[in-house]
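Colleague: Sequence first, then the predicted structure:
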Amino acid sequence: MLKVILFDVDNTILSFDEYVKESMKNGFRKFEIGIYEDEMFNIFNQINTGLWHALEKGEMDFGQLQKKRWNMIFERLGVKADGEAFEKYFRECLFESAIPVDGATELLQYLCDKYTLCVASNGPYLQQANRLKICGMLPYFSDLFVSEEIGSSKPSESFFKTCIDRVNAKSEEEILPCEMMIIGDSLTSDMAGGLGAGMQTCFYNPDKKPVPREMNLNYNVSSLKEIISIL
C-alpha cells in the first residue's frame, strides 16, 4: 500500500528549462554578451546534463559544478565572458524563479489528502524551499530532502536512506521503502535511486524518452495529469 510520495523539483513540478531560457535571454543583455538564440539552450542542456551526471556519480561536488558550468558553456558558444560572474547571476535569479510545470499544482492538491508528500531534490536547500514557497507549493510537503542539507545527492544510497529514516522518524508506524514512491524526470537520479532503495517509481517523461527494460519502472507518464488517474 502506497503511503509516501517523494517529488523531484526541477522539470518535474517546477520548470527549470523555461527558467534557463528566460535567464539566458535576460543575462545576455545584462552582461552585453550578445543576443540569445534558441539553439543556445541545447548547448546549455548538453553541458549541464553532463555535469549533473558527474555530480550524481560523485565525480564532483556542487561547488565545482558551479565554477565550471558557464565557463564551459561560453567556451562552446565561442563567447568571451566571465562564467563565474554569470553563474552568480544565474543562481540569484533561480532563487526567485517559480514556473510551475503544467498540472503540478493540481496534482499536489489531489495527492496531499491521500499520501504524505515530500521533496527529494539535488541542489541548494534554501533555493528550493524559496521557489516552492513563491509558487504556493511548500505547504503540500511534510519534509524537504535536499542534497545540500542531507550531504549526499540522488541517486546515492545514503541520500535515499536519509529520506526513509526521516519519514519514519515522523511516523507512528514503520513505513517500508516499498510503501514509498518517487516521481521525477531523471532516469539516472530519480528512477535509479528509487529502484536502488526499493521504492515504487513513476517516471515523468514528457519527451517520451526510451526506458531500458531492465529498469522495470512502475509507471511511465508523459503528463502529470496522468498520475491522477493512477494514484
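Modeller: Noted; the coordinates are in hand. Predicted model, so just to flag it, every value in this text is computed and none were measured.
Colleague: Which residue lies closest in space to G198, excluding its sequence neighbours?
Modeller: P177 (3.7 Å; Cβ to Cβ, 6 or more residues apart in numbering). Any C-beta I mention is one placed from the backbone N, CA and C, and that applies to glycine too.
Colleague: oh sorry, the question was meant for T116
Modeller: V4 (4.6 Å).
Colleague: Then A104?
Modeller: Residue nearest to A104 in three dimensions, not counting chain neighbours: I13, with 4.1 Å by Cβ to Cβ, 6+ apart.
Colleague: And Y19, which helix or strand is it part of?
Modeller: helix 16-30 (DSSP states H and E).
Colleague: buried set for that helix?
Modeller: F16, Y19, V20, K21, S23, M24, K25, G27, F28 (16 or more other Cβ atoms under 10 Å).
Colleague: Just the strands from the chain, written as ranges.
Modeller: Applying DSSP state E to the chain gives strands spanning 4-7, 116-121, 143-146, 180-184, 200-204, 219-221.
Colleague: looking at these, which is closest to I164?
Modeller: Closest to I164 of these is strand 180-184 (Cβ to Cβ; 7.1 Å).
Colleague: Could you check the angle the closest one makes with strand 200-204?
Modeller: Using axes from the mean of the first three to the mean of the last three Cα atoms, to 10 degrees, the direction of strand 180-184 lies 10 degrees away from that of strand 200-204.
Colleague: Now do strand 180-184: which elements does it pack against?
Modeller: On a contact count with 3 or more Cβ pairs under 8 Å, 6 or more residues apart in numbering; DSSP states H and E, strand 180-184 meets strand 4-7, helix 157-169, helix 192-197, strand 200-204.
Colleague: What residues of the top helix by length along the chain count as buried?
Modeller: The single longest helix within the chain, with elements called by DSSP state H, is helix 39-56. Buried residues in helix 39-56, defined by neighbour count with 16+ other Cβ under 10 Å: M40, F41, F44, I47, N48, L51, W52, L55, E56.
Colleague: just stretch 204-217 next, same as before
Modeller: Those buried within stretch 204-217 under the rule 16+ other Cβ under 10 Å are Y204, N205, L217.
Colleague: quick one: which of these is nearest to V9?
Modeller: Closest to V9, out of all of these and judged by Cβ to Cβ, is Y204, at 11.5 Å.
Colleague: What's opposite the closest one in the beta bridge?
Modeller: Beta-bridge partners of Y204, counted by DSSP bridges, are V221.
Colleague: so what's it up against?
Modeller: D8, N11, T12, I183, G184, D185, V221, L224 (Cβ atoms under 8 Å, 6 or more residues apart in numbering).
Colleague: just those now: which is nearest M72?
Modeller: For the contacts of Y204, the nearest to M72 is N11 (20.4 Å; Cβ to Cβ).
Colleague: Let me see the backbone angles for the closest one.
Modeller: As for N11, its main-chain torsions (degrees, to the nearest 10) stand at phi 60, psi 20.
Colleague: Relative to S158, how far out is the nearest residue to it once chain neighbours are set aside?
Modeller: With sequence-adjacent residues excluded and distances taken as Cβ to Cβ, 6+ apart, N11 is closest to D185, at 4.7 Å. Applying Cβ to Cβ, to the nearest Å, the value for D185 to S158 is 22 Å.
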